[in-house]
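Enquirer: Take a look and give me a structure for this.
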Amino acid sequence: MEKAELFHLFLDNMLDAVAVYEASGEGKPLKFLEANGQMCRYLGHTHEDFLRIQPADVSFECFNINRIVWLDLLESRYLSIEYLYNTKDNRSVPIEIHYHLFQLDERNLVFLTIRDISERKKAEEKQRRLEKDLNLSSRLASVGALTAGVAHEINSPLTSILGFSERLARKCTSEEQHRDIERIHTEALRAAKVIDNLRTFARSYQQEKKLCGLNEIIRKSVELREYELVVQNIVVELELAENLPATLLDFYKIQQVLVNMILNAEQAMYQAHGRGRLLIKTQNMGNYIRMIIEDNGPGISPEIAEKVFDPFFTTKEDSRGTGLGLSVCYGIIMEHDGKIQLESKLGQGTRFIIDLPVKNSRISRKKAAEVVVVKVNAKTPAKLPKSLPQNLPD
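Expert: Next up, the predicted model:
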């Protein structure tokens, strides 16, 4: 085999796209000298056509480097840059471009290679998310250790304030003083709620996990908020996969997550539109169960989305939020070895995606999902729950 044939065989079996061209003193491509099959496919030309075309007729940005890049290349003889390439079918592909400059017989020859780095970018994004989750878990653990002691110290005097304010309210005859005492009692209740959330957030307890059906927990959670959903004209749609396997769950903790998220979505939609639509969906993903909670509320900005799971972060300005609700939810899902993601855009609603692993259960074959639409609004009578939930998490 001749050297030329061996060279072409080597080029055409490279995974990277490769081209060699002659450049002017200013870095402009003058003539294409060689290219492998990958490069020809990038540009949509055969090998023969590629060698015949003029560089000015090629719109691929990697050949049209600016003066600053060219001066750097002249100095270092090698450059590597990343670029987002738009394919003919309107896909954006991240690529890495490598420039090697050689001078032969006073000619500038550029050896250019292009590498698809889509998989690397996915791996980097996965690593970034893992580091973010680890960082958040570390912060939650640190705050939990601190709040456990604080909650214990505050709880005792707070119990006295609640008890004595109730006694004073019963004995008080002045209407003005009664209002002040009621205000004291109300604010003490709010503080007690914060302390209760702190204790839940910081508590290390033995979970009571049993084989449960997630669909049943969802139905029970919706029932708990049914009356409020009727009043606030929120339509709830349940798309529950009938083939969902039972798995080990702490029923009440998962219910706490659901009620919290329903409440947050309910408040956001009602404040933004006076009504809303909430979709709760389950899917059998094989070795894990996926639950999607999606609303058509005002959405969340990227800046706020980065902080929603942080302890004590809240956007509620009316003193109703403690900033612990979603932190508690995050902790509960992590304790179930699950994952929770947030997807949201301003004006386009919010979606939470929760994945829970299937443990100690048989995974049935996938069937079509049973779609159950539950509409609860002011015009549709709804069966009221036997008792309304108290001290719901914020």
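
Enquirer: so where's the stretch 251-394 of the chain shaky on pLDDT?
Expert: 311-324, 361-394 (pLDDT under 70).

Enquirer: Mind doing that once more with 80?
Expert: 307, 309-325, 360-394 (pLDDT under 80).

Enquirer: Strands of that one, residue ranges please.
Expert: For the stretch 251-394 of the chain, the strands defined by DSSP state E, counting those that start in this stretch occupy 276-284, 288-295, 339-344, 350-357, 370-374.

Enquirer: To residue 94, which of those lies closest?
Expert: Within these, the stretch nearest residue 94 is strand 339-344; the backing value is 21.0 Å (CB to CB). Just so you know, the C-beta spots here come from the backbone N, C-alpha and C atoms, and that holds for glycine as well.

Enquirer: now the helices: where do they sit in the stretch 51-200 of the chain?
Expert: 67-76, 118-171, 175-202 (DSSP state H, counting those that start in this stretch).

Enquirer: List of residues touching the shortest one?
Expert: Translated: helix 67-76. Helix 67-76 is contacted from outside by 23, 26-27, 65, 79, 81, 99, 101, 110, using CB atoms under 8 Å, 6 or more residues apart in numbering.

Enquirer: got the buried residues for it?
Expert: For helix 67-76, the neighbour count (16 or more other CB atoms under 10 Å) marks 70, 73 as buried.

Enquirer: shaky segments in the stretch 51-200 of the chain?
Expert: Checking the stretch 51-200 of the chain against pLDDT under 80 turns up 55-65, 85-90, 127-153, 155-156, 190, 193-200.

Enquirer: Grab the CA positions of stretch 120-130 and hand them over as CSV.
Expert: Output in CSV follows, covering the C-alpha atoms of stretch 120-130 (Å, rounded to 0.1, in the frame of the first residue of the first chain):
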residue,chain,number,x,y,z
ARG,A,120,-18.8,15.2,26.9
LYS,A,121,-21.1,18.2,27.4
LYS,A,122,-23.8,15.8,28.7
ALA,A,123,-21.3,14.2,31.1
GLU,A,124,-20.2,17.7,32.3
GLU,A,125,-23.8,18.7,32.9
LYS,A,126,-24.4,15.5,34.8
GLN,A,127,-21.3,16.1,36.9
ARG,A,128,-22.5,19.7,37.5
ARG,A,129,-25.8,18.5,38.7
LEU,A,130,-24.3,15.9,41.0
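
Enquirer: For that stretch, what is the distance to the chain centroid?
Expert: A distance of 13 Å separates the centroid of the chain from that of stretch 120-130, by CA atoms, centre = their mean, to the nearest Å.
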